[in-house]
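**Student:** Sequence and predicted structure below; questions after.
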Amino acid sequence: MIGRLNHVAIAVPDLEAASTTYRQMLGAKVSEPVPQPDHGVTTVFVELPNTKIELLHPLGEGSPIAKFLQRNPDGGMHHVCYEVDDILQARDRLKEEGARVLGDGEPKIGAHGKPVLFLHPKDLHGTLVEIEQV
Ligand SMILES: CC[C@@H](C(=O)O)C(=O)SCCNC(=O)CCNC(=O)[C@H](O)C(C)(C)COP(=O)(O)OP(=O)(O)OC[C@H]1O[C@@H](n2cnc3c(N)ncnc32)[C@H](O)[C@@H]1OP(=O)(O)O
Ligand SMILES: [Co+2]
């Protein structure tokens with residue numbers, strides 16, 4: 001059911017410093033920061049030949065990544081995002097298989113203008129998983 005790896009997300013305490021590291025030290029193509037108020041984060045995308053890295057920083061009150069950064073003050077890998085063809089079909093199958101779909105269970109529009117959902121890390125061996133319909 002899951003397809004390509006769309007992105008790996010890394011939560012960072014300093015978005016500018018992380019962007020500089022990826023641009024200068026690693027020589028990657030790095031986007032400008034984009035606030036995502038519906039998701040409580042600001043994103044920077046790093047374009048790699050085969051996938052993307054999503055740098056995340058909290059935005060506003062009650063950001064879903066705030067506690068993660070408190071627990072990991074230097075930052076760290078936050079989630080992986082897999083592509084699916086049909087997000088509602090994927091959601092229903094994942095629920096049947098015992099995965100908890102986070103939030104109200106309805107897809108939100110993600111950073112690429114496509115529907116996304118998140119699955120609880122405790123049901124996926126300690127990894128927060130995002131699925132994105134492409
Ligand atoms: C920009 C849009 C979009 C895109 O298009 O790409 C995005 O990526 S938005 C990214 C940010 N949004 C989200 O992460 C939404 C989904 N996340 C959540 O709903 C919450 O973050 C969470 C996963 C439910 C965690 O909530 P939180 O309040 O931070 O922690 P808890 O105390 O409830 O955690 C319970 C348990 O899970 C462990 N945990 C938490 N986060 C992670 C993680 N990222 N990876 C692995 N494990 C995680 C946490 O340590 C707790 O474990 P125990 O201590 O053992 O109970
Ligand atoms: Co993401």
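**Tutor:** Received the coordinates, thanks. Ligands and ions are numbered 1, 2, ... in the order given.
**Student:** what packs against the longest helix belonging to the chain?
**Tutor:** In terms of residue count, the longest helix belonging to the chain (DSSP state H) is helix 87-96. Contacts defined by 3 or more Cβ pairs under 8 Å, 6 or more residues apart in numbering; DSSP states H and E place helix 87-96 against strand 115-119, strand 128-133. For glycine as for every other residue, the C-beta is placed from the backbone atoms N, C-alpha and C.
**Student:** Select, out of the ones you listed, the one closest to residue 27.
**Tutor:** Of all the helices and strands packed on helix 87-96, strand 128-133 sits nearest to residue 27, with 26.5 Å by Cβ to Cβ.
**Student:** Quick check: pLDDT value at the spatially closest residue to residue 29 that is not a sequence neighbour.
**Tutor:** Computed as Cβ to Cβ, 6 or more residues apart in numbering, the closest residue to residue 29 that is not its neighbour in sequence is residue 47, at 4.4 Å. As predicted, residue 47 sits at a pLDDT of 98.
**Student:** No further queries at this time; thank you.
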